[in-house]
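Participant: The following block contains a protein sequence and its predicted model.
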Amino acid sequence: MSPSTYIGRLAPSPTGLLHLGHARTFWIAYERARAANGKLWLRDEDLDPQRSRADFAAAMREDLQWLGITWDAEMRQSERIALYREAMEKLLREGFVYPCTCSRKDLQQATQAPHEDSEDEPIYNGRCRSSSAPIAALAPNTNYRFRVPDGEALRFIDAHAGPQSFVAGCDANADFGDFLVWRKDGLPSYQLACVVDDAAMRITEVVRGRDLLKSTARQILLQRALGFSTPGYFHCDLMRDDTGVRLAKRHDALSLRAMREAGLSTQDVRERF
Ligand code: GLU
């Protein structure tokens, strides 16, 4: 086989046990990397200090291996804060972001629910928006948001879900608004960490769940601001339980761990994908 330039990643958050839905997405990511004779990273997305746990990180590795998934290299986001900070400082200097002092209560008034999928974050009305003047330094204990270009439609072709278009802005016509890039606890948001890592790892295709389609539009804006290229995207369909509810970590019975303990083989699990 010829050497390939395909580089993919598995990016689980160690906040619970992996369930059948994760397994399916990661299996597709693994198969796509394998079909392209490419490389695969395991990226431990352990930035949420309240919810990330080392025992879940160990369990997810074990469960992925049990399923038959292998990877070529590993990294852990909590060890890379300096890199995210560097990217954040560039966004500050170049005027892409602004401090947001809204309290939780202010946010309730300053946001409107997203259109269709209530699982996406509410749209911020730009209450704290300031000019695009450069900001010299990252202030402690401060949230920062990315100023999205009002009315611009962000378009990309998803290799599974097809052509996509999401409008940026802060009014009722927008699909997404000014989003958090840096949190007052001194950590990057998911959006920023993801974009910095996808670029640093030279990811050529992102395979993940369809719930993150709209986040891709946000991430394209960050890639543009930071001078990174945009990888390909493949957003997998989400799995639902018998009542139509999207699988989540609370569906304990459908965790890989529970299925394995109930005596199911990896083959049995894959047949349920
Ligand atoms: N860590 C995220 C999750 O578990 C996935 C992020 C991504 O693939 O970009 O939902």
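Facilitator: Structure's in. What do you need?

Participant: now stretch 6-16: how far from the chain's centre is it?
Facilitator: 9 Å (C-alpha atoms, centre = their mean, to the nearest Å).

Participant: Is Ile81 in contact with Leu187, as I believe?
Facilitator: Yes. Between Ile81 and Leu187 there is a contact under C-beta atoms under 8 Å: 7.0 Å. The C-beta positions use only the backbone N, C-alpha and C, and glycine is treated the same way.

Participant: what stretches of the protein score poorly on pLDDT?
Facilitator: Along the chain, the parts satisfying pLDDT under 70 run over 1-3, 114-119, 249-250.

Participant: Contact residues of it facing the ligand?
Facilitator: For the chain, the contact set with the ligand under C-beta under 6 Å from any ligand atom comprises 11-13, 45, 194, 208, 212.

Participant: run the last query once more with 5 Å
Facilitator: 11, 13, 45, 194, 208 (C-beta under 5 Å from any ligand atom).

Participant: For the last one, list the residues it contacts.
Facilitator: Read it as Arg208. Arg208 sits next to 11, 25, 29, 234-236 when contact means C-beta atoms under 8 Å, 6 or more residues apart in numbering.

Participant: Against Asp242, how distant is it?
Facilitator: 24 Å (C-beta to C-beta, to the nearest Å).

Participant: With Arg61 instead?
Facilitator: 29 Å.

Participant: go on, Thr204?
Facilitator: Using C-beta to C-beta, which is the criterion applied here, Thr204 is 37 Å from Asp242.

Participant: ok, now which ones touch the closest residue to the ligand within the stretch 51-200 of the chain?
Facilitator: Going by C-beta to the nearest ligand atom, the ligand is nearest to Cys194 of the stretch 51-200 of the chain, at 4.8 Å. Counting by C-beta under 8 Å, 6+ apart, Cys194 touches 11, 45, 215, 219.

Participant: thought the first one was touching Glu45?
Facilitator: The reference is to Ala11. Yes. Using C-beta under 8 Å, Ala11 is in contact with Glu45, at 5.3 Å.

Participant: and the two? which has more neighbours close in?
Facilitator: Neighbour count, other C-beta atoms under 10 Å: between Ala11 and Glu45, Ala11 has more, with 25 against 20.

Participant: For whichever residue of the stretch 101-250 of the chain sits closest to the ligand, which three-state class applies?
Facilitator: Closest contact between the stretch 101-250 of the chain and the ligand, by C-beta to the nearest ligand atom, is at Arg208 (3.5 Å). Of the three states, Arg208 takes strand under DSSP: H, G, I helix; E, B strand; the rest coil.

Participant: so it bridges to which residues?
Facilitator: His235 (DSSP bridges).

Participant: Surely Tyr124 touches Ala168?
Facilitator: No. The criterion here is C-beta under 8 Å, and Tyr124 misses it with Ala168 at 11.3 Å.

Participant: tell me, what's touching these two both at once?
Facilitator: The contact lists of Tyr124 and Ala168 share Gly177, where a contact means C-beta under 8 Å, 6+ apart.

Participant: before we move on, the earlier item: could you work out the most separated pair of the contacts of Cys194?
Facilitator: The most widely separated members of these, counting by C-beta to C-beta, are Glu45 and Gln219 (13.9 Å).

Participant: And the strands in the protein?
Facilitator: 7-10, 39-44, 73-76, 97-100, 111-112, 123-124, 143-146, 153-158, 162-167, 179-182, 205-209, 232-236 (DSSP state E).

Participant: That concludes my questions; thank you for your assistance.
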